[in-house]
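Undergrad: What follows is a predicted structure for the sequence shown.
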Amino acid sequence: MAADVRDGARRYLERRRMSGVEVVYRVAAESAGEPAAPAGPPDGIPVATSPAPPAEERRGVRFSRDRHVPVQSSLFAGPAPAERFDPGANDLGSLERLVSACRRCGLCDGRTRTVFGSGSPAAKIVFIGEAPGREEDLQGLPFVGRAGQLLTKMLAAIGFTREEVYITNILKCRPPNNRDPQEDEMGACEPYLARQLEIIRPAVICALGRVAAHGLLKKGTSLSFLRRAVHYYNDIPVAVTYHPAALLRNPNLKRDAWEDLQMARRLHDERIREE
């Protein structure tokens, strides 16, 4: 590394350290025909090695050889964009087989079964929750616990059976102790959900709960705000409502959920008439 670049890197990292920000980076291999990147941090820059210190002590610079740390080919640039993952499946059966063997995030180590989705491959409306729970993990099917039983009743209230809609989740594996999905987990699963929707080509999507809505729409606004409008995912109208588990915890929300479901039904019927 040239002296001027090394000195500039040292000053940059020192400023970041003094500001209380942990800097984690991995140096990418150089382009063909040029020397490979060094195996460690630039000379003269004091760093801590992995694993990272506790959050309250993270005030230094850490070099990581972990391949999951975003590649940063220049210390003065942002992380290189992640390589786009394309599942490459053209039907739901092939895609489900890919998902069943997926190891794109750490959730694969704790799962019993992947939970791909269920319902009609020709469905005109798709319901998307956040992640499988305990019963779903055991059976490999979405929404089969108490929340799933309520969802079945909610569908019947607007004239649908489970067999004529499609039901899936943002994540295909259960998070430990049913915690909220993490950003990297949703990012790892996103290509599978995107391909599911490309194959099914629904007329309408209904997002069940805050996490599902945020993951699908990439909007961080509150659920109460998201419920007030029709959104779009790749030109597909999206209605947002409460997750059935929230309705079990707070039955007072059922009136609002009923209004949301009626809107989803209206969107469905309008799109069908247009086709």
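TA: Received it, and whenever you're ready, just let me know what you need.

Undergrad: By mean pLDDT, which helix or strand of this protein comes out lowest?
TA: The weakest-scoring helix or strand in the chain, judged by mean pLDDT, DSSP states H and E, is strand 61-63 (a mean of 37).

Undergrad: Got the domain ranges for the chain?
TA: 3-63, 92-274 (automatic domain parsing).

Undergrad: Now do the end-to-end distance for the last one.
TA: The reference is to domain 92-274. 26 Å (CA to CA, to the nearest Å).

Undergrad: Looking at it now, give me its mean pLDDT.
TA: What domain 92-274 shows for mean pLDDT is 96.

Undergrad: ok, back up a step: packing partners for whatever helix or strand comes next after the least confident helix or strand of the chain?
TA: Next helix or strand after strand 61-63 toward the C-terminus (DSSP states H and E): helix 92-100. If you count contacts as 3 or more CB pairs under 8 Å, 6 or more residues apart in numbering; DSSP states H and E, helix 92-100 packs onto helix 183-200. From N, CA and C alone the C-beta is placed, and that goes for glycine too.

Undergrad: which SS class is residue 171?
TA: coil (DSSP: H, G, I helix; E, B strand; the rest coil).

Undergrad: Roughly how far does it sit from residue 205?
TA: Going from residue 171 to residue 205 by CB to CB, to the nearest Å gives 16 Å.

Undergrad: Same check on residue 246?
TA: 19 Å.

Undergrad: Tell me the confidence at residue 74?
TA: For residue 74, pLDDT reads 39.

Undergrad: got it, and residue 86?
TA: Looking at residue 86, the pLDDT reads 79.

Undergrad: how close does residue 251 sit to residue 265?
TA: Noted for residue 251: a distance of 21 Å to residue 265, by CB to CB.

Undergrad: Between those two, which is the more surrounded one?
TA: Set residue 251 next to residue 265 and count neighbours by other CB atoms under 10 Å: residue 265 wins out with 19 against 8.

Undergrad: Give me the distance between that one and residue 160.
TA: Note on residue 265: its distance to residue 160, by CB to CB, is 8 Å.

Undergrad: Looking only at neighbour counts, state which of residue 246 and residue 205 leads.
TA: It is residue 205, of residue 246 and residue 205, that has more neighbours when counted by other CB under 10 Å, with 26 against 17.

Undergrad: just checking, that one touches residue 129?
TA: No. Shown here, residue 205 and residue 129 do not form a contact pair, counting by CB atoms under 8 Å, at 11.8 Å.

Undergrad: The chain: strands as residue ranges?
TA: Ranges of strands in the chain, per DSSP state E, are 23-25, 48-49, 61-63, 118-119, 125-129, 166-169, 204-208, 231-233, 236-241.

Undergrad: can you redo those as CSV with distance to residue 105?
TA: Converted to CSV, the strands of the chain look like this (distance: least, CB to CB, whole Å):
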stretch, distance to residue 105
strand 23-25, 18
strand 48-49, 24
strand 61-63, 21
strand 118-119, 22
strand 125-129, 18
strand 166-169, 14
strand 204-208, 21
strand 231-233, 22
strand 236-241, 25
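
Undergrad: So which of these is nearest residue 110?
TA: Of all the strands of the chain, strand 166-169 sits nearest to residue 110, with 15.8 Å by CB to CB.

Undergrad: Strand partners (parallel or antiparallel) of the closest one?
TA: Using DSSP bridges, the strands paired with strand 166-169 are strand 118-119 (antiparallel), strand 125-129 (parallel).

Undergrad: winner for burial among those?
TA: Of the strands paired with strand 166-169, the one with the most neighbours on average (mean count of other CB atoms under 10 Å) is strand 125-129, at a mean of 27.

Undergrad: Run through who's touching it.
TA: With contact meaning CB atoms under 8 Å, 6 or more residues apart in numbering, strand 125-129 is reached by 142-143, 151, 155, 160, 165-170, 193, 196-197, 200, 202-209, 212, 216, 243, 264, 268.

Undergrad: count of residues packed around residue 208?
TA: Residues contacting residue 208 under the criterion other CB under 10 Å number 29.

Undergrad: residue contacts, it?
TA: Residues counted as contacts of residue 208 (CB under 8 Å, 6+ apart) are 127-130, 151, 241-244.

Undergrad: what does residue 86 give?
TA: Applying CB under 8 Å, 6+ apart, we find residue 86 in contact with residue 191.

Undergrad: Okay, it and residue 121: tell me how far apart.
TA: Separation of residue 86 from residue 121 (CB to CB) stands at 20 Å.
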